[in-house]
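J.: Sequence and computational prediction follow.
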Amino acid sequence: MFRPTQKEFEFNTALIILYALSKGPAHGYEIMRRIEEEFFIHKSPGILYPSLRKLVSMGYIEVSGQGMKGRKIMRIYKITESGVKFLESHMQRIEFIKRFFKGMRIFESVGGSRVREAIFKLVEVLPSAGEDDLNLLRSYIDVFVKSLEDLRNRILSRGE
């Protein structure tokens with residue numbers, strides 16, 4: 001499964017946050033809501049708040065106010081001019097990220113989670129597999145990957 005490096009993950013997270021703030025100032029929970037709405041992913045507070053602090057230190061966002069909700073301090077974040085410029089220079093990547101996560105959501109809705117679960121169940125027993133089992137697995141993977149590539153090409157050919 002594709003996994004971005006830590007630097008790519010942090011870079012993508014920063015862009016996603018900047019994009020959410022390009023819609024207007026917001027507190028952390030509103031930023032998380034915007035991200036889920038636009039990108040179909042959840043950024044947990046444990047990811048969001050360290051990223052917000054880093055973006056503030058870089059000058060891409062600023063705290064434009066704060067209020068209290070119960071005993072919690074809620075900071076309002078606002079994108080800065082340099083943040084807008086940085087975001088604008090990476091809009092192609094934002095569009096890619098949006099397409100990718102929308103595609104992942106669609107994949108999950110048509111049974112992709114079943115594929116993931118089946119792979120994890122198989123991986124658990126692979127240490128007990130014999131050479132014949134591994135050869136069969138190779139052939140199943142070849143057929144599956146070829147089918148996915150054929151479907152991708154079919155979809156692409158209709159888009160032209």
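T.: That came through fine.
J.: Would you mark the buried spots in the helix or strand containing residue 99?
T.: Per DSSP states H and E: residue 99 is located in helix 91-107. By neighbour count on 16 or more other Cβ atoms under 10 Å, the buried set for helix 91-107 is 94, 97, 101. To be clear about C-beta, it is placed using only N, CA and C from the backbone, and glycine gets the same treatment.
J.: got those residues as TSV, with distance to residue 34 and pLDDT columns?
T.: Shown next, in TSV, are the buried residues of helix 91-107 (distance: Cβ to Cβ, whole Å; pLDDT from 0 to 100):
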residue	distance to residue 34	pLDDT
94	13	97
97	14	95
101	14	92
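J.: Let me know the closest of the residues you listed to residue 70.
T.: Nearest to residue 70 out of the buried residues of helix 91-107 is residue 101 (Cβ to Cβ; 32.2 Å).
J.: So what's the gap between the top helix by length along the chain and the chain middle?
T.: If each helix of the chain is counted by residues according to DSSP state H, the longest one is helix 131-159. Between the centre of helix 131-159 and the centre of its host chain there is 25 Å, according to Cα atoms, centre = their mean, to the nearest Å.
J.: Please name the spatially closest residue to residue 112 (chain neighbours excluded).
T.: residue 104 (7.6 Å; Cβ to Cβ, 6 or more residues apart in numbering).
J.: roughly how far is stretch 129-147 from the heart of the chain?
T.: Stretch 129-147 sits 30 Å away from the centroid of its parent chain (Cα atoms, centre = their mean).
J.: Now it: average pLDDT?
T.: Taken as a whole, stretch 129-147 has a mean pLDDT of 97.
J.: Just the CA trace of it, in PDB.
T.: The C-alpha trace of stretch 129-147 is given here as PDB (Å, rounded to 0.1, in the frame of the first residue of the first chain):
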ATOM      1  CA  ALA A 129       2.900 -20.700   3.400                       C
ATOM      2  CA  GLY A 130       4.700 -23.200   1.200                       C
ATOM      3  CA  GLU A 131       6.400 -22.500  -2.100                       C
ATOM      4  CA  ASP A 132       3.300 -23.700  -4.000                       C
ATOM      5  CA  ASP A 133       1.100 -21.300  -2.000                       C
ATOM      6  CA  LEU A 134       3.500 -18.400  -2.800                       C
ATOM      7  CA  ASN A 135       3.500 -19.200  -6.500                       C
ATOM      8  CA  LEU A 136      -0.300 -19.300  -6.500                       C
ATOM      9  CA  LEU A 137      -0.300 -15.900  -4.600                       C
ATOM     10  CA  ARG A 138       2.000 -14.400  -7.300                       C
ATOM     11  CA  SER A 139      -0.300 -15.500 -10.000                       C
ATOM     12  CA  TYR A 140      -3.400 -14.100  -8.200                       C
ATOM     13  CA  ILE A 141      -1.600 -10.800  -7.700                       C
ATOM     14  CA  ASP A 142      -0.600 -10.700 -11.400                       C
ATOM     15  CA  VAL A 143      -4.300 -11.300 -12.500                       C
ATOM     16  CA  PHE A 144      -5.600  -8.800  -9.900                       C
ATOM     17  CA  VAL A 145      -3.100  -6.000 -10.800                       C
ATOM     18  CA  LYS A 146      -3.700  -6.600 -14.500                       C
ATOM     19  CA  SER A 147      -7.500  -6.300 -14.000                       C
END
